[in-house]
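Novice: Build me a model:
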Amino acid sequence: MPSATGSIEVITGPMFSGKSEELIRRVRRAEIARLKIRVFKHAADDRYSTDHVVSHSEWRIRSGVVVAADEIRSAIGQGVQVVGIDEAQFFGPELLPLVQDLARNGVRVIVVGLDMDYLGRPFGPMPLLLAVAEHVTKLDAVCMQCGSPAHFSQRLVPSSESVLIGGPHMYEARCRRCFSPVQSGSTGASPVPFGDSPKVPTH
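Specialist: Below is the predicted model of the structure:
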């Protein structure tokens, strides 16, 4: 049996809610405690850096870059006590058993991702991760239309792609009242079943 008690923590919410900042804050506290840490992010997100998790406010921490959960398993190495995973919504259903295996073996796993896509639907493996987590932190942003607490990511450009990587010029945080899930020129997209992986660009 593992000597430490593992756990799963999920940090979620819309874009611009500070999810990556919260991941970095928790990882830095673990560094102060001199724990052995590995951080990973999906290769699709290269907006600010190819080898760091970077928040919209430019907090950053070095990370491994992967396209599939199995790559995380093989890259962790021995003795790791804390694993951070950013942009979890881009991974497939295989992320769930990986995260559970790590926690059963005494690892503290911090998973970060969007809970909903641009149409307001549950995103990739996030619903399943939320269900099995011991600790869930759901952050809100500020609605860029009315200033209310925001829980949705509003796409501003006409596209029906399930995954469209972008920043403030392509997305806004919106409250439920101001959220408009189908943009002019977009035909929408078929729902992504719970646990399935959206089509993500690879490098």
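Novice: Show the pLDDT at Val67.
Specialist: Looking at Val67, its pLDDT is 89.
Novice: Next one: the residue nearest to it when sequence neighbours are not counted from Arg121, what distance?
Specialist: Excluding its sequence neighbours, the residue lying closest to Val67 (Cβ to Cβ, 6 or more residues apart in numbering) is Ala43, at 4.8 Å. The C-beta positions use only the backbone N, C-alpha and C, and glycine is treated the same way. Distance from Ala43 to Arg121, counting by Cβ to Cβ, to the nearest Å: 23 Å.
Novice: These two: who's more crowded?
Specialist: The residue with more neighbours, out of Ala43 and Arg121, is Ala43; 19 against 16, by other Cβ atoms under 10 Å.
Novice: shouldn't that one be in contact with Gly64?
Specialist: No. The criterion here is Cβ atoms under 8 Å, and Ala43 misses it with Gly64 at 9.9 Å.
Novice: Please, where are all the helices along the protein?
Specialist: 19-32, 69-75, 95-104, 126-132 (DSSP state H).
Novice: What are the buried residues along the first one?
Specialist: Read it as helix 19-32. Buried positions in helix 19-32, judged by neighbour count with 16 or more other Cβ atoms under 10 Å: Lys19, Ser20, Glu21, Glu22, Leu23, Ile24, Arg26, Val27, Ala30.
Novice: neighbours around Asp70, how many?
Specialist: What Asp70 shows, counting by other Cβ under 10 Å, is a neighbour count of 13.
Novice: Need the overlap of contacts for Ala43 and Gly64.
Specialist: Contact criterion Cβ atoms under 8 Å, 6 or more residues apart in numbering; residues shared by Ala43 and Gly64: none found.
Novice: helices and strands of the protein: which one bottoms out on pLDDT?
Specialist: Lowest on mean pLDDT, DSSP states H and E among the helices and strands of the chain sits strand 52-54, with a mean of 66.
Novice: and the residue lying closest to Met144 once chain neighbours are set aside, bridged to which residues?
Specialist: Leaving aside its sequence neighbours, Met144 sits nearest to Glu172 (Cβ to Cβ, 6+ apart; 4.2 Å). Judged by DSSP bridges, the bridge partners of Glu172 are Gln154.
Novice: Ok, Ile37 next?
Specialist: The partner residues for Ile37, given DSSP bridges, come to Val82.
Novice: Right, I'll call it a day here.
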